[in-house]
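Participant: pasting the structure only:
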């Protein structure tokens, strides 16, 4: 019996979290959703759940996705991470260049999302 991969989805927009969760569950993943970077960091830092990958929005209040990436990398340098944004420009790419993240431009298709996740688990 194989264990399904668990994805942590971090987005302050509930409707986007819900749609992302449905897509990923339909594609065979377990999904945990939170609305803030602080909630996501607590789950990873405290080891409350096994998390195999993280998808985070960049544009969130209080803790942006890029800040979440940098904070989590201090505790876990290997967890695969995807940063989503409607404006993935050079500034964001430069900011996260040394953090081994995948970028996914919003709006993205179901196929783009699933492909990005599947590439993390060859």
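Facilitator: Happy to help now that I have it. Everything numeric in this text was worked out from a predicted model, so none of it was measured.
Participant: what ranges do the helices span in the chain?
Facilitator: Listed in chain order, the helices of the chain (DSSP state H) span 14-26, 37-46, 65-73, 90-95, 110-120.
Participant: going by mean pLDDT, which of the ones you listed comes out lowest?
Facilitator: Among the helices of the chain, helix 90-95 carries the lowest mean pLDDT, at a mean of 82.
Participant: what's that one in contact with?
Facilitator: 58, 66, 83, 85, 103 (C-beta atoms under 8 Å, 6 or more residues apart in numbering). Yep, even glycine has a C-beta here, placed from its N, CA and C like the rest.
Participant: so for this protein, the centremost residue is which one?
Facilitator: The residue lying closest to the centre of the chain (C-alpha atoms, centre = their mean) is residue 55, at 1.1 Å.
Participant: need the pLDDT of that one.
Facilitator: Looking at residue 55, its pLDDT reads 98.
Participant: can you check residue 1 too?
Facilitator: The model's pLDDT for residue 1 equals 55.
Participant: quick one on the thing from earlier: and the helices of the chain: which comes nearest residue 8?
Facilitator: Closest of these to residue 8 is helix 37-46, at 5.9 Å (criterion: C-beta to C-beta).
Participant: which strands and helices sit next to that closest one?
Facilitator: Helix 37-46 makes packing contacts with strand 6-10, strand 30-34, strand 53-57, helix 65-73 when contacts are defined by 3 or more C-beta pairs under 8 Å, 6 or more residues apart in numbering; DSSP states H and E.
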